[in-house]
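What would the 3D arrangement of this be:
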Amino acid sequence: MAIALACAGAVAAPRVRNAETLPAALLRAEQALALKSPDAAALFEHASHVAGESATAEVGMVRAYLAEGQYRRALAFAHLVQGEHTRSNEAMAWMAYLNDRSGQTGIALRMLEVARATQQDDVALLCAQSEIFIDRQQAVRATTELDTWLARNAAQPPIIALRHRASIAANDKVSEGVWRKLLPTAYSQRLPQLATRDAESTGTWITPWFDELPAGSWQTSSGFIVDSGTHVITALPANTSGEIRVRDAKGNLRRATVERALEDAGLVLLRLEQALPHDDAPLAIAPRLFPGSPFHAIGFPVRGSTYAALPTNTPGFFGRPANDGQQGMLLGQAMPAGLASAPVFNANAQLAGFISPDTSTSRLLPAAVVLESFGIATTTGTSTARPGNAEIYERALSRVVLVAIVQPATNPGGTRADVTKDSLKAMHAGVD
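Next comes the predicted model:
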């Protein structure tokens, strides 16, 4: 595996204590990942060297690359790890999940279907499959699979969290209330437990270590970072009350306020309290759109959920221009509610526009019109290269955000109250 790690471009791990055990090395790496340390991937690589070879550590490297925004590297390494550790269901689950994120949903679900045919009770495989069903508008299927599993097994933290999320996606308010009460248990996973598992045989499903939204937060829409990372274009419900929070695809959280609104389009420009890291290349706008040409809509599809999940790429084909006196094009399919105001890219990775907040119309609001109205500088894209789903998705990761409203009267859940940043730092400094 050392040769494989070198081929994947892994960097040298930071120096650590001699004779470190695998659990201690994994714990140190998991803490670094939770704290968004740039050393996380190298520490997981070190843990793999400590063991000689470790599926747990190498899956950790996949997760660390992803946390850095290196989607294509994470996907390639996930395939490598799964090929090296064919018995690791956790490696298989991550490989399938990452394939789905960029739009290869059919391939991902087929992988999981084959694996689960002989291992129906494996947590990692079930969770990856449920994540995909929920995000791909098949929440009822996710509910069925999760409930079938729960009928045979004792509830586990990631299963509880996903069952709650499935009820939100299915708009099942009764079920949502029941599972919400169990969320404190769902998010009580402690780092030592994660570090002592064996992903080769008893893996689990670990959500990304995102900054946690306040209790009572709920997702209202997706958004897109513009203007040096200080502003976000998004949509908000009418008569919105409560504080606004924005969280990017790396888990960084910011407060936001409304600066301007385009009432006709239903979009707003948010000003962030602090800039978010992003790709600072000039925004390349699609010069012209053609009916029948492919598009990629990238955002967070489940409205109401603040669960720590990666955005999805929903591919499709542009429809005809709107003939109702309004600008824009119709999209060739219905879009999930959470993708309201999500960015849409053409096959050349150029920004085509934003999904109308009225997702029932499946309308694309032209990027040039929206950005000009908000006074955002752009350039017209000239590239004819077609980078492919994975590269388009990776480019978008640095600009796509989840937009949430904080309403303390409700509590959709989603916090790890027992693992705060201060406690993580203290643990990180004190591991022997």
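
List the buried residues in stretch 225-240.
225, 226, 227, 229, 230, 231, 232, 233, 234, 235, 236 (16 or more other Cβ atoms under 10 Å). (C-beta placed from N, C-alpha, C; glycine too.)

In a markdown table, list these along with distance to residue 57 and pLDDT.
Formatted as a markdown table, the buried residues of stretch 225-240 follow (distance: Cβ to Cβ, whole Å; pLDDT from 0 to 100):
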| residue | distance to residue 57 | pLDDT |
| --- | --- | --- |
| 225 | 33 | 96 |
| 226 | 38 | 92 |
| 227 | 40 | 84 |
| 229 | 33 | 91 |
| 230 | 38 | 94 |
| 231 | 39 | 96 |
| 232 | 36 | 97 |
| 233 | 40 | 97 |
| 234 | 38 | 97 |
| 235 | 41 | 95 |
| 236 | 42 | 92 |
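
Can you lay out those residues as CSV showing secondary structure and distance to residue 137?
Formatted as CSV, the buried residues of stretch 225-240 follow (DSSP: H, G, I helix; E, B strand; the rest coil; distance: Cβ to Cβ, whole Å):
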residue, secondary structure, distance to residue 137
225, strand, 26
226, strand, 28
227, coil, 32
229, coil, 31
230, coil, 33
231, strand, 30
232, strand, 25
233, strand, 24
234, strand, 21
235, coil, 19
236, coil, 23
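
Of the residues you listed, just say which sits nearest to residue 204.
When those are compared for distance to residue 204 (Cβ to Cβ), residue 225 comes out closest, at 32.1 Å.

who's that closest one bridged to?
Residue 225 has the following beta-bridge partners by DSSP bridges: residue 232.

What helix or strand is residue 163 located in?
Residue 163 belongs to helix 157-169 when assigned by DSSP states H and E.

following that helix, which helix or strand comes up?
helix 173-180.

Report the inter-axis angle for the helix holding residue 163 versus helix 173-180.
160 degrees (axes from the mean of the first three to the mean of the last three Cα atoms, to 10 degrees).

what sits up against the host helix or strand of residue 395?
Using DSSP H and E, residue 395 falls within helix 389-397. Around helix 389-397, the neighbours that count as contacts under Cβ atoms under 8 Å, 6 or more residues apart in numbering are 69-72, 75, 101-104, 249-250, 279, 296, 298, 311, 313, 315, 343, 345, 349, 387.

Narrow those to those in helices?
71, 72, 75, 101 (DSSP state H).

between these, which is nearest residue 362?
Nearest member of the ones in helices among the contacts of helix 389-397 to residue 362, counting by Cβ to Cβ, is residue 101, at 21.9 Å.

coming back round to it: select, from the ones in helices among the contacts of helix 389-397, the two members most distant in space.
Applying Cβ to Cβ across the ones in helices among the contacts of helix 389-397, the maximum distance is between 72 and 101, 11.2 Å.

Those two: which is more packed in?
residue 101 (28 against 15; other Cβ atoms under 10 Å).

Pretty sure residue 20 sits against residue 43.
No - with contact defined as Cβ atoms under 8 Å, residue 20 does not count as touching residue 43 (10.5 Å).

intersection of neighbour lists for those two?
Common neighbours of residue 20 and residue 43, counting by Cβ under 8 Å, 6+ apart, are residue 28.

Quick one: residues contacting the spatially most central residue of the chain.
Residue closest to the mean C-alpha point of the chain, counted by Cα atoms, centre = their mean, is residue 310 at 0.7 Å. Listed by Cβ under 8 Å, 6+ apart, the contact partners of residue 310 are 66, 101, 208, 249.

okay, residue 240: pLDDT?
On pLDDT, residue 240 comes in at 77.

quick one: contacts of stretch 62-73?
In contact with stretch 62-73 (Cβ under 8 Å, 6+ apart) are residues 8-9, 29, 33, 36, 38, 40-41, 44, 74, 77-78, 81, 91, 94, 98, 101-102, 206, 208-209, 249-251, 310, 390-391, 393-394, 397-398.

7 Å - rerun?
The list of residues contacting stretch 62-73 from outside it, by Cβ atoms under 7 Å, 6 or more residues apart in numbering, reads 33, 36, 40-41, 44, 74, 77-78, 81, 94, 208, 250, 390-391, 393-394, 397-398.

quick one: buried residues of it?
62, 63, 64, 65, 66, 67, 69, 70, 71, 73.

Let's have the residues you listed in JSON lines, adding distance to residue 139 and pLDDT.
Below are the buried residues of stretch 62-73 laid out as JSON lines (distance: Cβ to Cβ, whole Å; pLDDT from 0 to 100):
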{"residue": "62", "distance to residue 139": "26", "pLDDT": "97"}
{"residue": "63", "distance to residue 139": "25", "pLDDT": "96"}
{"residue": "64", "distance to residue 139": "30", "pLDDT": "97"}
{"residue": "65", "distance to residue 139": "29", "pLDDT": "97"}
{"residue": "66", "distance to residue 139": "24", "pLDDT": "96"}
{"residue": "67", "distance to residue 139": "27", "pLDDT": "95"}
{"residue": "69", "distance to residue 139": "28", "pLDDT": "94"}
{"residue": "70", "distance to residue 139": "30", "pLDDT": "96"}
{"residue": "71", "distance to residue 139": "25", "pLDDT": "97"}
{"residue": "73", "distance to residue 139": "31", "pLDDT": "98"}
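
how much space is there between residue 180 and residue 342?
26 Å (Cβ to Cβ, to the nearest Å).

So for those two, which residue has more residues nearby?
Comparing residue 180 with residue 342 by other Cβ under 10 Å, the one with more neighbours is residue 342, at 28 against 19.

Who does the nearest residue to the more buried one once chain neighbours are set aside form a beta bridge with?
The shortest distance from residue 342 to any non-neighbouring residue, by Cβ to Cβ, 6 or more residues apart in numbering, is to residue 299 (3.0 Å). Legend: beta-bridge partners of residue 299 under DSSP bridges are residue 312.

from what I can see residue 299 touches residue 339, true?
Yes - using Cβ atoms under 7 Å, residue 299 is in contact with residue 339, at 4.6 Å.

Which positions in stretch 43-52 come out as buried?
Within stretch 43-52, the residues that count as buried by 16+ other Cβ under 10 Å are 43, 44, 45, 46, 47, 48, 50, 51.
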